[in-house]
Every structure is written in C-alpha cells, then in structure tokens.
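Undergrad: I'd like to go over a predicted model; first the sequence, then the structure.
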Amino acid sequence: MSVKECKHHHGGHKRRIFLRIFWGIVVFLFIVLVTILIVWAILRPTKPTFILQDVTVYAFNATVPNFLTSNFQVTFSSRNPNDHIGVYYDRLDTYATYRSQQITYRTAIPPSYQGHKEVDVWSPFVYGTNVPVAPYNFVGLSQDQANGNVLVTIKIDGRVRWKVGTFISGRYHLYVRCPAYISFGPRSNGIVVGENAVKYQLVQQCSRLNIHSAGDKAAPSFRFHLVYIYVI
C-alpha cells in the first residue's frame with residue numbers, strides 16, 4: 001500500500017469514528033427527550049393551589065398620619081393536585097401589603113409535608129404596630145376607608161421541595177398573592193366574632209402563584225424543571 005493510500009485510509013477511519021460519536025450523541029439526546037416526555041405524561045406535575053378562606057380583622061387603625069396599626073388572622077388552604085408528587089414546605093412566610101407596601105411583619109408558618117392530593121390549612125396572625133406608610137399611600141388608604149372598601153393583599157413567600165418516589169428535588173422559591181377586600185361602615189359584609197373583631201368570609205383562589213428555582217433569576221418552566229431533574 002502506498003503512502004497516499006495509507007493516508008486516505010487513515011482519514012476515512014477517523015471520519016467514521018467521528019460519525020459514530022455524532023450519531024451516538026444524537027441518539028442519546030433523543031432517548032433522553034423521549035424519556036422526559038413519557039415521565040411528564042405519567043406525572044403531569046402541577047403547581048399547588050392556594051385559596052384564601054377568610055380574614056379576621058382585630059385592628060386596623062390609621063388615625064395617626066402616615067402610620068398604620070393592623071392585626072389580622074388569615075386562613076388559607078393549599079391543595080396538592082398531583083397524583084405522584086409530594087411537596088415539602090420548608091419555609092412559608094405570610095404578611096399583608098397595601099398598594100405594594102408591606103404593612104405587617106412577616107409571620108413564619110411551621111415546615112410541613114403535603115402528600116398526594118392532600119389539603120393543608122393554616123391560620124396565622126399577621127400584625128404591624130405603628131408601621132410607617134408612604135404619604136401617597138396613606139392618602140389613598142384614607143380615601144379607601146372613607147369609601148368603605150380597602151384592598152389588602154395577603155402574600156406568601158417561601159421555599160419548597162418536590163418529592164417523586166424516593167427522589168427529593170432542590171429548593172424552589174414560592175410566591176403567592178391573595179387579594180382580600182375589607183369593607184367598613186354601613187357597607188361592611190363582615191361578621192362580628194368578638195370584641196373589636198370582624199371576620200370576612202372570602203373563599204377565593206389566590207392569584208399570581210409563581211414557582212422557580214432558588215438559584216435562577218428568571219422563572220423557568222416548573223413542569224420541565226421537575227421532570228428534567230427526576231430523569232437525570
């Protein structure tokens with residue numbers, strides 16, 4: 001065999017090795033993709049649903065300019081709709097805001113585990129004493145009170161993990177927003193449940209429930225992330 005034929009043979013051998021590696025990677029990625037789709041079809045991961053059941057107002061005093069004293073007991077429930085995925089609530093903090101400004105301190109809810117199709121109910125107190133309120137928000141608050149209707153948002157921030165079989169994922173951020181309309185005066189639809197305490201039955205689903213990886217700035221797809229971690 002001549003030198004030219006030897007070089008040609010050697011080059012063809014390297015090309016075949018390259019093609020084998022290339023197609024091996026393609027086949028591997030295809031198998032992973034199909035596996036992800038199959039697992040997703042079986043698990044169908046879905047975010048938990050939160051419902052704000054009621055809000056009991058023990059104090060809501062804005063008589064001092066630019067300061068607010070409030071005390072609420074909020075009852076909300078969480079349902080895990082998944083058949084094969086459990087949820088670890090490692091940390092849950094709840095607090096109240098008015099026009100995007102926090103008006104109470106954060107109240108921590110004890111860690112818990114939520115199994116398949118289970119429902120958990122919490123009734124924490126959230127309160128704030130002489131909390132400074134921005135002047136423009138205080139004006140809006142005074143107007144809302146005079147009109148007999150104040151929109152307060154109950155927020156829940158925390159960390160969760162997902163359990164699939166024996167696998168437990170990393171921590172994810174959980175953000176929940178629950179609007180609560182509180183009425184005052186003749187328009188009040190609350191129920192007096194004690195001295196200076198009024199209970200408002202709401203039973204409305206919370207909105208803007210966001211879940212994303214604790215290390216990600218953007219919010220990736222919850223479904224893809226969970227299935228991908230489980231498969232890999």
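TA: Great, that's in hand. Here the structure is a predicted model, which means the values were calculated and not measured.
Undergrad: if you skip the residues just before and after it, what's nearest to residue 158?
TA: Excluding its sequence neighbours, the residue lying closest to residue 158 (CB to CB, 6 or more residues apart in numbering) is residue 92, at 3.9 Å. For the C-beta atoms, the positions are set from N, CA and C on the backbone; glycine is no exception.
Undergrad: Tell me what that neighbour is bridged to.
TA: Beta-bridge partners of residue 92, counted by DSSP bridges, are residue 109, residue 158.
Undergrad: show me where the protein has strands.
TA: 49-61, 67-79, 86-98, 101-102, 107-109, 112-114, 119-122, 125-132, 149-164, 167-168, 172-183, 191-194, 197-205, 207-213 (DSSP state E).
Undergrad: how about these in a markdown table, adding mean pLDDT, distance to residue 17 and mean neighbour count?
TA: Conversion of the strands of the chain to a markdown table gives the following (pLDDT from 0 to 100; distance: least, CB to CB, whole Å; neighbours: other CB atoms under 10 Å):
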| stretch | mean pLDDT | distance to residue 17 | mean neighbour count |
| --- | --- | --- | --- |
| strand 49-61 | 95 | 53 | 18 |
| strand 67-79 | 96 | 55 | 20 |
| strand 86-98 | 96 | 46 | 19 |
| strand 101-102 | 96 | 62 | 14 |
| strand 107-109 | 97 | 58 | 15 |
| strand 112-114 | 97 | 51 | 16 |
| strand 119-122 | 97 | 57 | 14 |
| strand 125-132 | 96 | 65 | 16 |
| strand 149-164 | 94 | 39 | 19 |
| strand 167-168 | 84 | 36 | 11 |
| strand 172-183 | 93 | 42 | 19 |
| strand 191-194 | 89 | 78 | 11 |
| strand 197-205 | 92 | 58 | 15 |
| strand 207-213 | 73 | 38 | 15 |
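Undergrad: Kindly reformat the ones you listed as JSON lines and extend each row with distance to residue 28.
TA: As requested, the strands of the chain are exported to JSON lines (distance: least, CB to CB, whole Å):
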{"stretch": "strand 49-61", "distance to residue 28": "37"}
{"stretch": "strand 67-79", "distance to residue 28": "38"}
{"stretch": "strand 86-98", "distance to residue 28": "30"}
{"stretch": "strand 101-102", "distance to residue 28": "49"}
{"stretch": "strand 107-109", "distance to residue 28": "43"}
{"stretch": "strand 112-114", "distance to residue 28": "35"}
{"stretch": "strand 119-122", "distance to residue 28": "41"}
{"stretch": "strand 125-132", "distance to residue 28": "51"}
{"stretch": "strand 149-164", "distance to residue 28": "23"}
{"stretch": "strand 167-168", "distance to residue 28": "21"}
{"stretch": "strand 172-183", "distance to residue 28": "28"}
{"stretch": "strand 191-194", "distance to residue 28": "62"}
{"stretch": "strand 197-205", "distance to residue 28": "42"}
{"stretch": "strand 207-213", "distance to residue 28": "25"}
